[in-house]
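Asker: Let's see this in three dimensions:
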Amino acid sequence: MGRVYNFSAGPAVLPEEVLKEAQEELMDYRGCGMSVMEMSHRSKMFDQIIKEAEADIRDVMGIPDNYKVLFLQGGATLVFSMIPMNLSMHKNKVADYIVTGNWGKKAFQEAGRFITANKIASSEDKTFTYIPDLSDLPVTDNADYVYICQNETVYGTTIRTLPNTKGKPLVADVSSMFLSEPMDVSKYGVIYGGVQKNVGPAGLAIAIVREDLIPQEDLADVPVYLQFKTHADANSLYNTPNCWDIYMCGKVFKWLKNMGGLEEMQRRNIEKAKILYDYIDQSDMFTGTVRKEDRSVMNVPFVTTAGDKDLEAKFVAESQAAGMENLKGHRSVGGMRASIYNAMPKAGVEKLVDFMAEFEKKYK
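Answerer: Got it, this is the predicted structure:
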């Protein structure tokens, strides 16, 4: 069977060039006689892999020198806890959260287990189908940080204009838009994301943390492993990291550089998204679920205009038979969702749109 077009929200499609390189090196990495999955994380060979990966992500993102890059296990979900533990529990124990979707809501709820988490803006009143005005928020005077999930994978919204945090550090979960467009890292206190959506295989999170936000004292109430300082001091090698994932992400960083960097990826991603949104907007059968100005370039949810669940199930089944996988919408939204990350080729989006047109003719 040939490769399908995989529209999964994560674990998601990876660049074929990267997969082929990994396949070639699987049994014997650069003549060392073993796989990366077998080598010691303390070896000179892996030391080169992790250092190259960090250098390349710094280069491709333009990360300033006063930020640490941490390769962490546990995915973004574990970082939900690490953020309040490291940025707030030893300070005012107060933080403000902007909740614009499923993942922002989960992070907000998790923070509330450790500190006072204030929800200062939300779009839950309209089922997270828009981004609220973030220009003049009621930021709490003693808040230790302001938190956003910048791209909501489930609901398909993106915060395009960063909130006015009134001087508080901005923390952003960027999992499903990571490395899809240029970002000014200096505008954030912490940027982090699980890599399985747009950067690598599942099992790793990358956190980019401004050094002054990393507590230098031992946090007595925080497990050693969950302290940013532990990983910053050990260069992400405090214990055995996810060596294979770091290796794969490193290959994706090099692929991005070879493709022309984040400016070129943004151009390609906007082009792909426009093809799909343009079709949805003129369709009589399909309707987008998000306010146009807030639509994600990465995750495109849509439903049948009539809300026909049987027809939507038929669409998912027939698209799968046509070689397109994982178009079923998230269980909390329903309908369909196409995640069109960096590695999704334009041809995949064009095939999806062609299929949608034929489907519409067939069942109108």
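
Asker: Ala357: what's it in contact with?
Answerer: Tyr279 (C-beta atoms under 8 Å, 6 or more residues apart in numbering). For the C-beta atoms, the positions are set from N, CA and C on the backbone; glycine is no exception.

Asker: Show me what counts as buried in whichever strand or helix holds Leu256.
Answerer: Assigned by DSSP states H and E, Leu256 belongs to helix 243-259. For helix 243-259, the neighbour count (16 or more other C-beta atoms under 10 Å) marks 243-256 as buried.

Asker: what's the spacing between that helix and its chain's center?
Answerer: 15 Å (C-alpha atoms, centre = their mean, to the nearest Å).

Asker: Mind telling me what element Asp133 is part of?
Answerer: Per DSSP H and E: nothing holds Asp133, as it lies in no helix or strand.

Asker: Tell me the secondary structure of the residue lying closest to it once chain neighbours are set aside, please.
Answerer: Nearest residue to Asp133, sequence neighbours excluded (C-beta to C-beta, 6 or more residues apart in numbering): Ala121, at 7.9 Å. Classification of Ala121 using DSSP: H, G, I helix; E, B strand; the rest coil returns strand.

Asker: Number of residues surrounding Ala121?
Answerer: 20 (other C-beta atoms under 10 Å).

Asker: Could you chop this structure up by domain?
Answerer: 17-259, 261-363 (automatic domain parsing).

Asker: tell me, what residue is most central in this structure?
Answerer: Residue closest to the average C-alpha location in the chain (C-alpha atoms, centre = their mean): Ser175, at 1.5 Å.

Asker: Just give the closest residue to that residue, not the sequence neighbours.
Answerer: Gly193 (3.7 Å).

Asker: Kindly state the beta-bridge partners for the residue nearest to Phe7 when sequence neighbours are not counted.
Answerer: If the residues on either side of it in the chain are set aside, Phe7 comes closest to Ala338, at 4.6 Å by C-beta to C-beta, 6+ apart. Legend: beta-bridge partners of Ala338 under DSSP bridges are Val300.

Asker: Could you shift the numbering so residue one becomes 29, and keep it that way?
Answerer: Done: numbering now begins at 29, and the last item shifts to Ala366.

Asker: which residues does Ala366 contact?
Answerer: Contacts of Ala366 by C-beta under 8 Å, 6+ apart are Phe35, Leu304, Asn327, Val328, Phe330, Leu355, Val377, Leu380.

Asker: And Phe281, by the same measure?
Answerer: Contacts of Phe281 (C-beta under 8 Å, 6+ apart): Ala81, Asp84, Ile85, Asp87, Val88, Leu207.

Asker: with these in mind, which one is nearest to Val97?
Answerer: Ile85 (6.2 Å; C-beta to C-beta).

Asker: Show residues contacting the host helix or strand of that closest one.
Answerer: Assignment of secondary structure by DSSP H and E places Ile85 within helix 72-89. By C-beta under 8 Å, 6+ apart, the surrounding residues in contact with helix 72-89 are 57-58, 60, 64, 67-68, 91, 97, 99, 207, 211, 213, 234, 236, 263-265, 269, 271, 274-275, 277-278, 281-282, 284-285, 289-290.

Asker: Each with direction, which strands does the helix or strand following that helix pair with?
Answerer: Tracing the chain C-terminally past helix 72-89 and defining elements by DSSP H and E, one meets strand 95-100 next. If you go by DSSP bridges, strand 95-100 pairs up with strand 233-238 (antiparallel).

Asker: Restrict the strand it pairs with to CA atoms and write it as PDB.
Answerer: Provided in PDB are the C-alpha atoms of strand 233-238 (Å, rounded to 0.1, in the frame of the first residue of the first chain):
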ATOM      1  CA  ALA A 233       7.800  18.700  24.500                       C
ATOM      2  CA  ILE A 234      10.100  21.600  23.700                       C
ATOM      3  CA  ALA A 235      10.000  24.600  26.100                       C
ATOM      4  CA  ILE A 236      11.800  27.800  25.300                       C
ATOM      5  CA  VAL A 237      12.100  29.700  28.600                       C
ATOM      6  CA  ARG A 238      13.500  33.100  29.400                       C
END
